[in-house]
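K.L.:
Model the structure of this input:
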Amino acid sequence: MKTEIDAKIVKKLRDETGAGMMNCKQALLENDGDYEKAIQSLKLKGMATADKKASRNTNEGLIYSYIHTGSKLGILLEVNCETDFVARREEFSDLAKNIAMQIASNPDLTSVSMEEIPDSVKEEATLFESAKDDLKNKPEEIKNKIVAGRVEKTLKKQILLEQEYIRDSNITVNEYIKQVVGILGENIKVARFTRYVLGETSN
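P.N.:
This next block holds a predicted model:
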């Protein structure tokens, strides 16, 4: 017997996920009307779509400015997509706002991805971890693995895409972006960001 899908449930799923009406209906049908399973299905499909589109050029987008309550902290953020049409979509602006708020919430962030962290910073962190007393009597191979793991853990605290997303602790910022890619159907990348704190000046 075919599962009957209530149009109100389809609309609710669309409002929550941002996916198209037909995609929402199909997700509910595939999961026998189970709402939570349909949400997970749409999220997984969005991430798979994002991986396929990751190599596409992103020459459009927007510069988004966010001023935190009290006007003592500001974020300037560039987010790129493939077309001007998507750059004007409300979902794209919402993504930029959410990411800007993520940056505002974490003063330790310095880079978008691991690739942006300078080799000199990685080398300094490696030297620091290698010199710790608890590693002195470890075999070289094990010591190197421990150091590499600790360095990665330390550097991830500085990377935007690796952070736990402030609006859903079950996913990272990178996974959140992939979900939006699945909704909008275009590759999306965070290009750069700058954090402004009142009274702070760069050298």
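
K.L.:
Could you list the low-pLDDT ranges of this protein?
P.N.:
1-3, 17-20, 46-54, 202-203 (pLDDT under 70).

K.L.:
Can you show me the helices along it?
P.N.:
Listed in chain order, the helices found in the chain under DSSP state H are 7-17, 21-30, 35-53, 84-87, 90-105, 119-130, 140-156, 173-184.

K.L.:
For the fifth one, which helices and strands make contact with it?
P.N.:
Other elements packing on helix 90-105 under the criterion 3 or more Cβ pairs under 8 Å, 6 or more residues apart in numbering; DSSP states H and E are strand 60-67, strand 73-81, helix 173-184, strand 189-197. All C-beta atoms are positioned from the backbone trio N, CA, C, and that covers glycine.

K.L.:
between those, which one is nearest to residue 11?
P.N.:
In terms of Cβ to Cβ, the element of these nearest to residue 11 is helix 173-184, at 15.5 Å.

K.L.:
the inter-axis angle of that closest one versus helix 90-105?
P.N.:
Taking axes from the mean of the first three to the mean of the last three Cα atoms, to 10 degrees, one finds that helix 173-184 is oriented at 170 degrees with respect to helix 90-105.

K.L.:
Kindly format the C-alpha coordinates of helix 173-184 as PDB.
P.N.:
Written as PDB, here are the backbone C-alpha positions of helix 173-184 (Å, rounded to 0.1, in the frame of the first residue of the first chain):
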ATOM      1  CA  VAL A 173      30.400  24.600   9.500                       C
ATOM      2  CA  ASN A 174      31.700  22.700   6.500                       C
ATOM      3  CA  GLU A 175      28.700  20.200   6.600                       C
ATOM      4  CA  TYR A 176      26.300  23.100   7.100                       C
ATOM      5  CA  ILE A 177      27.600  24.700   3.900                       C
ATOM      6  CA  LYS A 178      27.300  21.400   2.100                       C
ATOM      7  CA  GLN A 179      23.600  21.200   3.100                       C
ATOM      8  CA  VAL A 180      23.000  24.700   1.600                       C
ATOM      9  CA  VAL A 181      24.900  23.600  -1.600                       C
ATOM     10  CA  GLY A 182      22.400  20.700  -1.800                       C
ATOM     11  CA  ILE A 183      19.500  23.200  -1.500                       C
ATOM     12  CA  LEU A 184      20.800  25.800  -3.900                       C
END
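
K.L.:
Could you chop the chain up by domain?
P.N.:
Partitioning the chain according to automatic domain parsing yields domains covering residues 7-53, 60-112+158-197, 118-156.

K.L.:
No further queries at this time; thank you.
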